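Trainee: just need the structure, nothing else, for what follows:
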Amino acid sequence: MAELSIPDLPPARCSGRFTISTLLGMEEGGRGPYTPTEGSSCDSAQPTHLSSSTLCTRTFGYNTVDVVPAYDHYANSKGVGDPRKGRPSLADLHSILKPDPGRLRTSVSDLQQSNGLPEAGLEAGLEAAEGEPGRASVPEPVRFGWVKGVMIRCMLNIWGVILYLRLPWITAQAGIALTWLIILMSVTVTTITGLSISAISTNGKVKSGRGTYFLISRSLGPELGGSIGLIFAFANAVAVAMHTVGFAETVRDLLQEHNSLIVDPTNDIRIIGVITVTVLLGISLAGMEWEAKAQILFFLVILVSFINYLVGTVIPATAEKQAKGFFSYRADIFAQNFVPNWRGPEGSFFGLFSIFFPSATGILAGANISGDLKDPAVAIPKGTLMAIFWTTVSYLVLSATIGACVVRDASGSLNDSVAVGSPGCEGLACSFGWNFTACAQQQSCRYGLSNYYQSMSMVSGFGPLITAGIFGATLSSALACLVSAPKVFQCLCKDQLYPLIGFFGKGYGRNSEPIRGYMLTYVIAVGFILIAELNAIAPIISNFFLCSYALINFSCFHASITNSPGWRPSFRYYSKWAALFGATVSVVIMFLLTWWAALIAFGIVIFLLGYVLYKKPDVNWGSSMQASSYNMALSYSVGLSEVDEHIKNYRQGQLIACLVLTGPPNFRPALVDFVGTFTKNLSLMLCGNVLIGPRKQKMPESQLMADGHTKWLMKRKIKAFYTDVVAEDLRSGVQMLIQAAGLGKMRPNILVLGYKKNWRTASPQSLEDYVGILHDAFDFKYGVCLMRMKEGLNVSRVLQAHVDPTTSASEQQVNTIFQSEQGKKTIDIYWLFDDGGLTLLIPYLLGRKKRWGKCKIRVFVGGQINRMDEERKA
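Mentor: Modelled structure (predicted):
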């Protein structure tokens with residue numbers, strides 16, 4: 001901790017805390033060194049306007065110039081293009097104490113930025129301190145709470161087209177019992193997913209404008225997160241089409257009742273659907289505030305329509321309604337509709353499940369706009385779980401009530417009324433005075449739960465309110481999906497994981513609205529609207545949403561099972577085993593619904609996963625995959641300590657571990673390439689560098705060089721580690737490397753270095769150090785390999801002479817002879833001494849590589865050949 005000595009501070013005027021304006025003022029105002037000014041005191045109980053950027057604070061009795069803690073110093077994720085925040089170095093803090101005003105102002109600015117505060121904020125604060133007006137503040141974007149931003153949005157997205165147009169029909173097909181089972185199975189998956197998404201969303205700060213894709217990708221990593229983000233965005237775009245087709249189907253039915261069809265029933269759905277989605281696109285482009293207002297209006301309409309339906313169930317049925325199959329609450333109707341009655345091609349449990357499941361998939365509507373929420377960590381769990389609860393209750397109530405009021409088949413004709421007990425009348429309606437036998441036997445009934453999609457409207461107290469509810473549910477769900485899909489896709493585009501999609505990532509306006517993404521979603525939605533069949537679109541969406549939910553649950557499980565310290569969600573009501581169960585159930589249901597669609601979904605995920613693994617995008621999100629890799633590496637490394645070495649493994653090259661004295665690896669590329677050839681995918685290679693000089697001077701250089709040299713090795717496709725040490729001389733630095741390099745059994749046992757080419761002109765001390773390094777290696781039981789090339793190994797002068805201004809020296813790649821095919825050459829081996837076989841092992845390992853495979857190996861052996869042959873035969 002850097003300290004300030006403050007002589008003779010008046011207690012009444014200063015509490016030991018200095019603001020930035022104080023430090024600037026003492027240089028410009030000519031006061032004594034570190035003399036506080038009026039108003040510079042900053043008690044913790046009464047912080048000033050600059051308390052968040054205080055440079056000198058009273059801490060445990062000391063006056064420190066260190067910066068205060070800032071969230072950005074400890075953030076565990078950074079998106080592409082985000083500014084990198086860093087704490088100031090010790091040199092930066094020491095520079096505050098220097099008398100140079102220019103340096104002081106520069107350091108203060110750096111420290112201000114390191115606190116996460118822009119320089120403009122510093123200037124505004126200084127102006128305010130001097131009585132001048134600050135800069136104009138930037139208007140804050142629109143932010144929503146948990147009710148308006150999450151719960152209502154999720155409920156509207158869940159209360160979609162299925163609630164009004166398909167749930168009564170599903171009840172007729174599957175019966176009340178199996179319909180409840182379908183609902184509860186769907187809710188089980190969505191509830192577990194809701195718990196998982198709540199845990200993920202409360203694990204740290206949710207960045208603005210990111211949503212579900214951000215949550216998954218930062219937890220699982222770019223490999224799985226990117227692929228599932230793309231699929232989830234596509235599923236939302238298709239969901240726009242599904243809800244719009246539901247709206248168009250209702251409008252078509254109204255036109256059909258009044259004999260006012262535009263063209264024909266199918267094309268009318270297409271025409272109405274395209275017009276509707278165009279209007280919704282205009283509402284979305286108007287901005288989030290207008291979209292939120294429209295959602296509240298839709299929510300109120302749905303509530304009124306639902307109350308209207310419940311009131312209608314208790315009103316005595318009129319003759320017209322009885323002709324359509326409604327008889328108010330009857331125990332025998334409930335008993336008959338309690339069991340299934342499968343009909344048509346969709347008449348199976350999983351066929352109906354695939355149609356119903358999209359109605360439960362709106363749980364991520366709030367998380368998708370996490371950037372537009374006031375407090376995502378609180379709003380997402382609370383709003384999502386409340387939405388799941390209330391919508392589940394509504395589904396169960398609707399299924400039970402309509403199943404107790406309406407028979408499966410009805411003709412709709414008032415002429416079918418008969419006396420109770422009339423002969424030839426079959427079916428439950430006969431006991432209520434109606435004969436629907438003829439149409440039931442011919443399967444030509446137009447009404448009843450099994451035939452009439454608008455049964456809720458017929459049951460309700462006032463039919464137009466149900467029609468308004470259908471409009472509200474379908475349009476609100478379509479609008480929510482139309483907003484979610486572009487925002488998820490925008491974040492994916494900004495991360496630059498995949499090519500050719502960056503064009504759609506540009507945002508417009510203060511909320512960075514993805515207008516290009518809206519247009520892409522619009523095109524996809526129109527394409528699926530042209531299908532014009534609700535029962536065909538719903539199963540497509542089910543598979544993609546189930547795939548998304550499986551990955552969300554798996555990410556929660558994986559983050560929990562790795563026991564990473566970075567996984568500490570504030571939401572505690574989740575279970576890693578429940579998350580694993582949810583992921584497994586989602587995958588199983590995918591294949592039970594439509595196995596070929598599940599294979600396509602997983603094929604897309606695997607293809608996108610393979611692409612990201614191949615391209616290796618330059619992102620570092622601290623994902624659970626990284627934590628798992630570390631845990632596995634640590635476990636295997638510790639496990640090696642329990643395994644005894646065996647000569648067989650040594651002879652196969654698996655126990656060869658090379659410490660290569662490369663200096664900066666790019667200075668001796670031939671040495672790196674040669675050793676990398678026989679160690680690649682087989683054994684350990686460690687490039688060592690000794691930085692000679694004072695520790696304080698060389699340590700910053702060491703930190704800067706390490707990343708650059710590691711990237712150089714990766715770009716050259718050399719599987720090796722880089723390490724350096726700071727020492728007073730070369731020999732002591734090599735001794736440090738020899739003793740400290742490696743981990744457990746993963747330690748070097750062979751020292752590889754270049755031949756000293758300038759030994760004739762070198763200083764005696766340099767020669768003594770070189771020879772001493774060889775002796776030290778033998779003393780520490782290392783094997784020693786010397787590499788000599790006619791033109792030499794060090795190319796540092798060539799690099800410096802041909803340096804590219806746009807490329808750093810550590811990024812330049814120099815071609816060497818060991819990177820090309822060796823052809824039919826000869827490798828001569830002079831095995832002069834019994835060295836344990838290392839001299840023979842290295843050329844053997846070289847010969848196993850494709851580049852050296854055509855080379856012929858000749859061995860020249862010293863000693864008595866006949867005696868060796870006799871010993872081998874014996």
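
Trainee: for L684, phi and psi?
Mentor: Backbone geometry at L684, expressed as degrees, to the nearest 10, gives phi -80, psi 140.

Trainee: my read: it touches L743, true?
Mentor: No - with contact taken as CB atoms under 8 Å, L684 and L743 are classed as non-touching, separated by 9.7 Å. For every residue, glycine as well, the C-beta is placed using N, CA and C.

Trainee: more crowded one of those two?
Mentor: Set L684 next to L743 and count neighbours by other CB atoms under 10 Å: L684 wins out with 23 against 13.

Trainee: count the residues that sit near the residue nearest to that one when sequence neighbours are not counted.
Mentor: Closest residue to L684 apart from its sequence neighbours, by CB to CB, 6 or more residues apart in numbering: A657 at 3.8 Å. Residues lying near A657 (other CB under 10 Å) number 20.

Trainee: how about A657, what does it touch?
Mentor: Residues counted as contacts of A657 (CB atoms under 8 Å, 6 or more residues apart in numbering) are 683-686, 742, 746-750.

Trainee: shouldn't G351 be within a strand?
Mentor: No - under DSSP: H, G, I helix; E, B strand; the rest coil, G351 sits outside any strand and is assigned helix.

Trainee: how many residues are close by the closest residue to it other than its chain neighbours?
Mentor: Spatial nearest neighbour of G351, excluding adjacent residues (CB to CB, 6+ apart): P345 at 7.6 Å. Residues within reach of P345, counting by other CB under 10 Å, total 7.

Trainee: give me the phi and psi angles of P345.
Mentor: Phi and psi for P345, reported as degrees, to the nearest 10, are phi -70, psi -30.

Trainee: pLDDT wise, what is it at?
Mentor: P345 is assigned 79 on the pLDDT scale.

Trainee: what of Y770?
Mentor: 92.

Trainee: who are the contact partners of the residue nearest to the spatial centre of the chain?
Mentor: Relative to the mean C-alpha position of the chain, the nearest C-alpha, by CA atoms, centre = their mean, is the one of S217, at 0.8 Å. Applying CB under 8 Å, 6+ apart, one finds that S217 lies in contact with 225-226, 229, 495, 621, 623.

Trainee: and it, which of the three is it?
Mentor: Counting by three-state DSSP, the backbone at S217 sits in helix.

Trainee: so for it, what's the pLDDT?
Mentor: For S217, the pLDDT comes out at 77.

Trainee: name the SS class of N689, please.
Mentor: Classification of N689 by three-state DSSP places it in strand.

Trainee: would you map out the domains in this protein?
Mentor: 146-416+426-615, 653-801+814-820, 821-873 (the TED database).

Trainee: how far off centre is the last one?
Mentor: Translated: domain 821-873. Chain-centre distance of domain 821-873: 52 Å, with CA atoms, centre = their mean, to the nearest Å.

Trainee: now swap in the longest one and tell me
Mentor: Between the mean C-alpha point of domain 146-416+426-615 and the mean C-alpha point of its chain there is a distance of 24 Å (CA atoms, centre = their mean).

Trainee: follow-up on the earlier one: distance check, the residue nearest to the centre of the chain against V459.
Mentor: Noted for S217: a distance of 46 Å to V459, by CB to CB, to the nearest Å.

Trainee: ok so, going back, and the domains of the chain, which is most packed in?
Mentor: When the domains of the chain are scored by mean count of other CB atoms under 10 Å, the highest mean neighbour count falls to domain 146-416+426-615 (a mean of 21).

Trainee: which residues of the stretch 701-850 of the chain fall in strands?
Mentor: 721-727, 750-754, 783-787, 826-831 (DSSP state E, counting those that start in this stretch).

Trainee: mean pLDDT lowest where, among those?
Mentor: Among the strands of the stretch 701-850 of the chain, strand 826-831 carries the lowest mean pLDDT, a mean of 87.

Trainee: for that strand, packing partners?
Mentor: helix 838-847, strand 856-861 (3 or more CB pairs under 8 Å, 6 or more residues apart in numbering; DSSP states H and E).

Trainee: pull the residues that contact the longest one.
Mentor: Right, helix 838-847. 650-651, 653, 656, 677-678, 682, 750, 783, 785, 827, 829-831, 852-853, 855, 857, 859.

Trainee: now do the strands in the stretch 551-700 of the chain.
Mentor: Using DSSP E, counting those that start in this stretch, strands in the stretch 551-700 of the chain cover 657-661, 684-692.

Trainee: so which of the ones you listed gets nearest T723?
Mentor: strand 684-692 (5.9 Å; CB to CB).

Trainee: contacts for that closest one?
Mentor: With CB under 8 Å, 6+ apart as the criterion, strand 684-692 contacts 656-665, 672, 675-676, 679, 698, 701-702, 705, 709, 713, 718-730, 733-734, 737, 741-742, 746, 748.

Trainee: which stretches of the protein have low pLDDT?
Mentor: Within the chain, the segments meeting pLDDT under 70 span 1-142, 204-212, 287-292, 368-371, 421, 622-625, 645-655, 800-811, 863-874.

Trainee: what sits against the residue lying closest to Y453 once chain neighbours are set aside?
Mentor: Closest residue to Y453 apart from its sequence neighbours, by CB to CB, 6+ apart: L165 at 4.9 Å. Contacts for L165 (CB under 8 Å, 6+ apart) come out as 246, 249-250, 453-454, 470, 534.
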